[in-house]
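Enquirer: I'd like to go over a predicted model; first the sequence, then the structure.
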Amino acid sequence: MQPIKNKQAVLDALHQKYTNCQACPLATMGRTQVVFGVGDPNAQLMFIGEAPGFNEDQKGEPFIGRAGQLLTKIIEAMGLSRQTVYISNVVKCRPPNNRTPTTLERETCKNLLLVAQIAIIRPKIICTLGSPSTKALLGDDVQISLVRGKFFEYQEIPVMPTFHPAYLLRNPIEKRTVWEDMKKIMEKLKELE
Ligand code: URA
């Protein structure tokens, strides 16, 4: 497939098409808005989380609460910034009480939005954060604790699963594990230059 020239415009059109998405039950469960994604449409690295929380739902931007601030720190420690990577979630609407999205919600949203976002951006590497986004790209049977730290592939794009920053807030000892995973991403990005 030919790379897309005006990726931002194509992403904007996709966002526009789904601003009032009614495709899954989350549409009527109190979401404020569809939280689409932020960052560079030409990013080499794309992070995919689970679903918006309270702050993200209010502001319309992924990863801006406590877990998001930790993700921002990790990105900056890699020598990158929120503006030079792309950040999104597998599920774009906030689940009530921040519960884990159901498989139906996850797969519906993935098939309508995430698959298209990935096809437009075509990052060099995808980093999935936590279980739902990892399962969405690698299959329902994977276990994050077993697959993290290794490269897999989705649509011929290397995928590195790692722990979710919210998990790191509860288990700070695992920050060093995630840092090992980020070092592998940095090495591979260099290799792919
Ligand atoms: N957790 C996520 O998975 N995504 C967000 O946007 C915020 C918190």
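Expert: The structure has been received and is ready for your questions. Residues are numbered from 1 along each chain as shown.
Enquirer: so how far is residue 120 from residue 146?
Expert: As for residue 146, its distance to residue 120 is 31 Å (criterion: C-beta to C-beta, to the nearest Å). Any C-beta I mention is one placed from the backbone N, CA and C, and that applies to glycine too.
Enquirer: Between those two, which has more neighbouring residues?
Expert: Between residue 146 and residue 120, residue 120 has the larger neighbour count (other C-beta atoms under 10 Å), namely 19 against 9.
Enquirer: could you give the mean pLDDT of the helix ranked longest in the chain?
Expert: Across the chain, the longest stretch assigned as helix under DSSP state H is helix 175-191. Helix 175-191 shows a mean pLDDT of 98.
Enquirer: If you count contacts, what does that helix end up packed against?
Expert: Here helix 175-191 touches helix 66-77, strand 125-129, strand 157-162, going by 3 or more C-beta pairs under 8 Å, 6 or more residues apart in numbering; DSSP states H and E.
Enquirer: Among these, show me which one is buried the most.
Expert: Between the helices and strands packed on helix 175-191, strand 125-129 has the highest mean count of neighbours, a mean of 26, where neighbours are mean count of other C-beta atoms under 10 Å.
Enquirer: Report all helices and strands that it contacts.
Expert: Contacting strand 125-129 under the criterion 3+ C-beta pairs under 8 Å, 6+ apart are the following elements: strand 45-49, helix 131-138, strand 157-162, helix 175-191.
Enquirer: And stretch 103-116, end to end?
Expert: Start and end residues of stretch 103-116 are separated by 19 Å (C-alpha to C-alpha, to the nearest Å).
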